[in-house]
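Asks: next input, structure requested:
(2 chains)
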Amino acid sequence: MTETPLTKNIRPGAPPFDIGDYERAGGYEGLRKALTMTPQQVIAEVKASNLRGRGGAGFPTGLKWSFVPLGKDAPHPKYLICNADEMEPGTFKDRLLMEADPHQLVEGVAIASYAIEADVAFIFVRGEYILSGERLTRAIAEAYEHRYLGRDILGSGYSLEMYVHMSAGRYMCGDETGLLNALEGKRANPRWKPPFPPVVGLFGKPTIVNNVETLCCVPHILSHGANWFRDLSRTGDGGTKLYGASGKVKRPGLWELPMGTPIREILYEYAGGMRDGVEFRGLLPGGASTDFLTIEHLDVPMDFTEVQKAGSRMGTGTMIVLDDKTCPVGMTWNLTQFFARESCGWCVPCWSGLAWCERILRAMEEGHGESGDIEKLEFHAKMMGPGNTFCALAPGAAEPLQSAIKYFREDFESHIRDKHCAWRT
Amino acid sequence: MLTDEERREIESEIARYPARQAASIDALKIVQRHRGWISDESIQDIAGFLKISPTELDGIATFYNLIFREPVGRHVILLCDSVSCWITGYERLREHLCSKLAVRPGQTTSDDRFTLIPIVCLGCCDRAPAMMIGDDLHGNLDPPEKCNAILEQYK
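Replies: Modelled structure (predicted):
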């Protein structure tokens, strides 16, 4: 029987645990344990667990925390921000964690805050996640009543204020420094780095930004230990992972499985394979901003290291499946349209490149493609790549674009040659 | 003029932050909740209250997807047009809604009942295609005729 710490309290269709149920299920034991340790010990435990950030980038969580200045001379107030701005197309995992077990996240945020000696924590929730916001707000109020938040938590001498911030919607808010600007009440443009947020973040103070799923792992690491967490995984990256599948699969959904579960197992055992009448052609392994993988990659274990070796990224771990009855050029156009629209306009390769790519792809899809278009797309994909922009939006947009051309080039060529999309009647 | 209630609600948001401007997005959302949308006059009033320039606030208001700088209908339909919904029937759903409501995306019905706005992924990909009406999420909208009964709930 596989252990599923993140989803053990979740009962489909039922309301989430209130604080009493959550405590009886072992909840807030991780926080109690953490408060008996020093912040440095908490950071060391999370480092040893091999927890890597579940927002998509996979940065080691304990290492990130260790960049925050600690002790008497550290600047205050310090901030811990939970990035709950789940706007990556194809991604729907954090919604489940917030709606179905909000106390788990509140506890994770509290422990992470203690580890960096934060004074204030914000949970930055995307505006459309109304139920998540309501349930988190209620859970936070209960946690205050039970002295897990506020002044002198459980008599430890540590104090923390926690707030929910409901966003007004923009993909850029999911970018670490874009989010900081949004919380400061500005446009969510990215910031120049360095300095990095752990040193100069929200309102110029040391700030850690962690994803929802990342923080939900933290109470379990403290309760059960780093070794236990590491051993949940089938590969080197620690823990379990919420994997998802959408597109024309038989059973779209989410499953908590050991980190490193192969793509084939997720797609065929859990998602039930393809719907009747359609064949698998490819997938984006972890959201819109990851490179396509195809049938030759089905045995790749889904973790940060292995998917990268296969030429893509695990990203958020929620895969979007392309079938043979769906046009790969149309899908790429849809993805590019999303990125073009959500670009904040700060960097030229992003606002200009994406707009051109969107036009070219639209023209192809509508039967007006011209020879040379594919090369233009390749040029822009290269210009949007890593190192040319302030944030990861444009490099992320380039990933599905460049890999669609790589794996489905004949479909792009046939659109131009036939002046028609064969998938449209 | 902001109402006393709006001022009170905005002040309680300001209290969380070390700078008044940090509450700008909260303030826009508060006023929009009371009035349905953000007019030029509201921009002036909120900016004055937060002690920032109206131009800067307008730059913020127009940046965020869920702040409406034009009047909207009584119910806003946020129709997901991102990839998982696109694969599973977004275009048919959009055409169905457009013809049923006699609007194009971005427009409001002549009786001010609905405004149809395309939105990025709603995180409902396992029940695609999806849309929100007001605060309510509706999924599995294929075939698109499933919308008809849902729309009836919103008068």
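Asks: chain B: strands as residue ranges?
Replies: Assignment of strands within chain B using DSSP state E yields the ranges B:75-80, B:114-119, B:131-133, B:136-138.
Asks: TSV please, covering these and showing distance to A:Gly169.
Replies: From N, CA and C alone the C-beta is placed, and that goes for glycine too. As requested, the strands of chain B are exported to TSV (distance: least, C-beta to C-beta, whole Å):
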stretch	distance to A:Gly169
strand B:75-80	9
strand B:114-119	8
strand B:131-133	11
strand B:136-138	15
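Asks: for A:Pro12, which of those is the nearest?
Replies: strand B:136-138 (16.1 Å; C-beta to C-beta).
Asks: average model confidence for that closest one?
Replies: Strand B:136-138 shows a mean pLDDT of 97.
Asks: show me the contact partners of it.
Replies: Residues outside strand B:136-138 that contact it (C-beta atoms under 8 Å, 6 or more residues apart in numbering or on different chains) are A:Glu128, A:Leu131, B:Leu122, B:Cys124, B:Ala130, B:Met131, B:Met132, B:Cys147, B:Ile150.
Asks: neighbouring strands - and their directions - for that strand?
Replies: The strands beside strand B:136-138 in its sheet (DSSP bridges) come out as strand B:131-133 (antiparallel).
Asks: where's the partner strand relative to the chain centroid, distance-wise?
Replies: Centroid displacement of strand B:131-133 relative to its chain, using C-alpha atoms, centre = their mean, to the nearest Å, is 10 Å.
Asks: before we move on, back to that, which among the contacts of strand B:136-138 end up buried?
Replies: Buried by 16 or more other C-beta atoms under 10 Å in any protein chain shown: A:Glu128, A:Leu131, B:Leu122, B:Cys124, B:Ala130, B:Met131, B:Met132, B:Cys147, out of those.
Asks: and those residues, which two are furthest apart?
Replies: Greatest spatial distance among the buried ones among the contacts of strand B:136-138 (C-beta to C-beta): A:Leu131 and B:Cys147, at 21.0 Å.
Asks: state the distance from the closest residue to B:Asp112 other than its chain neighbours to B:Gln32.
Replies: Nearest residue to B:Asp112 in three dimensions, chain neighbours excluded: B:Gly73, at 4.9 Å (C-beta to C-beta, 6 or more residues apart in numbering or on different chains). Distance of B:Gly73 to B:Gln32, given as C-beta to C-beta, to the nearest Å: 14 Å.
Asks: just B:Phe63 next, same as before
Replies: Here B:Phe63 is placed at a distance of 14 Å from B:Gln32 (C-beta to C-beta).
Asks: who in the stretch 201-350 of chain A is up against chain B?
Replies: Residues of the stretch 201-350 of chain A that fall close to chain B, judged by C-beta under 8 Å from any C-beta of the partner chain: A:203, A:244-248, A:252-254, A:284, A:288, A:318, A:320-323, A:326, A:330-331, A:334-335, A:337-338, A:341-342, A:344.
Asks: in helices, which of the residues you listed fall?
Replies: Applying DSSP state H to those, the entries found in helices are A:Gly330, A:Met331, A:Asn334, A:Leu335, A:Gln337, A:Phe338, A:Arg341, A:Glu342.
Asks: wait, the last one touches B:Ser82, no?
Replies: No: counting by C-beta atoms under 8 Å, no contact exists between A:Glu342 and B:Ser82, whose distance comes to 10.0 Å.
Asks: which residues do those two both contact?
Replies: Here A:Glu342 and B:Ser82 have B:Val120 as joint contacts, going by C-beta under 8 Å, 6+ apart.
Asks: out of these two, which sits in the more crowded spot?
Replies: When neighbours are counted by other C-beta atoms under 10 Å in any protein chain shown, A:Glu342 and B:Ser82 differ, and B:Ser82 comes out ahead with 30 against 23.
Asks: residues in contact with the residue lying farthest from the centre of chain B?
Replies: For chain B, the C-alpha lying farthest from the average C-alpha position belongs to B:Pro18; by C-alpha atoms, centre = their mean, that distance is 28.0 Å. B:Pro18 is in contact with A:Pro77, A:Phe203, counting by C-beta under 8 Å, 6+ apart.
Asks: ok, A:Tyr407 next?
Replies: A:Gly282, A:Phe292, A:Thr294, A:Pro328.
Asks: stretch A:133-152 near chain B at all?
Replies: No: using C-beta under 8 Å from any C-beta, stretch A:133-152 never reaches chain B; the gap is at least 9.5 Å.
Asks: against chain B, how distant is A:Arg135?
Replies: In this view, A:Arg135 and chain B are 14 Å apart by C-beta to the nearest C-beta, to the nearest Å.
Asks: kindly report the same for A:Glu358.
Replies: Note on A:Glu358: its distance to chain B, by C-beta to the nearest C-beta, is 13 Å.
Asks: name the helix or strand for that residue, please.
Replies: Applying DSSP states H and E as the criterion places A:Glu358 in helix A:348-365.
Asks: got the buried residues for that helix?
Replies: Residues A:349-365 are the ones in helix A:348-365 that count as buried (16+ other C-beta under 10 Å).
Asks: so what touches that helix?
Replies: Applying C-beta under 8 Å, 6+ apart, the external contacts of helix A:348-365 come out as A:327, A:329-330, A:332-333, A:336-337, A:339-340, A:343-345, A:369-370, A:373, A:376-377, A:380-381, A:383-384, A:388-389, A:393-394, A:397, A:401, A:412, A:415-416, A:421, A:424.
Asks: rerun at 7 Å
Replies: With contact meaning C-beta atoms under 7 Å, 6 or more residues apart in numbering or on different chains, helix A:348-365 is reached by A:329-330, A:332-333, A:336-337, A:339-340, A:343, A:345, A:369, A:373, A:376-377, A:380, A:383-384, A:388-389, A:393-394, A:397, A:401, A:412, A:415-416, A:421.
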